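Colleague: The sequence and its predicted three-dimensional model are supplied below.
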Amino acid sequence: MFGVEGGIALAKTLSVLTHLTEIYMSYLNLEDEGTEAIAEALLKSATSLEVLELAGNDITVNSTGKLAACIASKQSLSKLNLSENELKDEGSILIAKAVEGHDQLLEVDLSTNMIRRAGARALAQTVVKKHTFKLLNINGNYISDEGIDEVNDMFKDCPDKLGPLDDNDPEGEDFEDESEEDNGLESKLGGLKIKQEEE
């Protein structure tokens, strides 16, 4: 467990490793601050980066902007693993935009990231267009049944490029963000607010 300070220290080293092609930094407890430091360092180095793994680092949408900018600059990237973080829809959409022009991309893993329908759809739309792409893993998220149907439909001509979706938990959705998709949620939200006010 390197932690935030370890991430910042690693960033200083990464900034001078211009020929680095693979980075494996999963489960180091980097959090947002450590992740931002590494993303900023990588913007200036590792121009031919092919593999970036940052799974299980408590990364939230707060640092995803800098991370996405870093990823967008790595046109040689073939494998991206950001699983077991907390990117949610907003973060996953930023990542989807970041890899739009990456023709070398083969694998993307954003499993277990609290992603719902919008994030899953954005990722699927981006990678399914890539001819050489091999595997999208978005399992273990909060994608609604409708969202899963949409994603499966996008991959109907290449189902082998989509990983299993059997560990998704549609009930884990955030009511506030899903309310526009399910009108019944508004009344539930109202009830929740009233209870909070009474307390």
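Modeller: Yes, it's here. Computed from a predicted model, the values in this text were never measured in an experiment. Numbering: from 1, shown residues only.
Colleague: check contacts around the nearest residue to residue 22 once chain neighbours are set aside.
Modeller: Closest residue in space to residue 22, ignoring its immediate chain neighbours: residue 51 at 4.0 Å, by CB to CB, 6 or more residues apart in numbering. (C-beta placed from N, C-alpha, C; glycine too.) Contacts of residue 51 were listed using CB atoms under 8 Å, 6 or more residues apart in numbering, and they are 21-24, 77-79.
Colleague: tell me which of the residues you listed is nearest to residue 148?
Modeller: residue 79 (24.0 Å; CB to CB).
Colleague: Just list whatever residues bridge to the closest one.
Modeller: Applying DSSP bridges to residue 79 gives these bridge partners: residue 51, residue 107.
Colleague: How many residues are close by it?
Modeller: When neighbours are defined as other CB atoms under 10 Å, residue 79 has 17 of them.
Colleague: Same question for residue 96.
Modeller: 21.
Colleague: So residue 27 lies in a helix, does it not?
Modeller: No. Under DSSP: H, G, I helix; E, B strand; the rest coil, residue 27 falls outside any helix and is assigned coil.
Colleague: Over to the closest residue to it other than its chain neighbours: give its phi and psi.
Modeller: In space, and not counting its chain neighbours, residue 27 is closest to residue 56: 4.2 Å by CB to CB, 6+ apart. Backbone torsions for residue 56, taken as degrees, to the nearest 10, come to phi 60, psi 50.
Colleague: Is residue 56 in contact with residue 85, as I believe?
Modeller: Yes. If you go by CB atoms under 8 Å, residue 56 and residue 85 touch, sitting 7.0 Å apart.
Colleague: Of those two, which one has the most company?
Modeller: For the pair residue 56 and residue 85, the greater number of neighbours falls to residue 85 (29 against 18), based on other CB under 10 Å.
Colleague: quick one: low-confidence parts of the protein?
Modeller: Where the chain drops to pLDDT under 70, the residues are 1, 173-199.
Colleague: Now do the same for residue 94: helix, strand or coil?
Modeller: From three-state DSSP, the assignment for residue 94 is helix.
Colleague: tally of neighbours for the closest residue to it other than its chain neighbours?
Modeller: Distances taken as CB to CB, 6+ apart place residue 68 nearest to residue 94, at 4.2 Å, with adjacent residues excluded. Neighbours of residue 68 under the rule other CB under 10 Å: 20.
Colleague: Contact partners for residue 68?
Modeller: Residue 68 touches 94-95, 97-98, counting by CB under 8 Å, 6+ apart.
Colleague: For residue 158, give me its contacts.
Modeller: residue 128.
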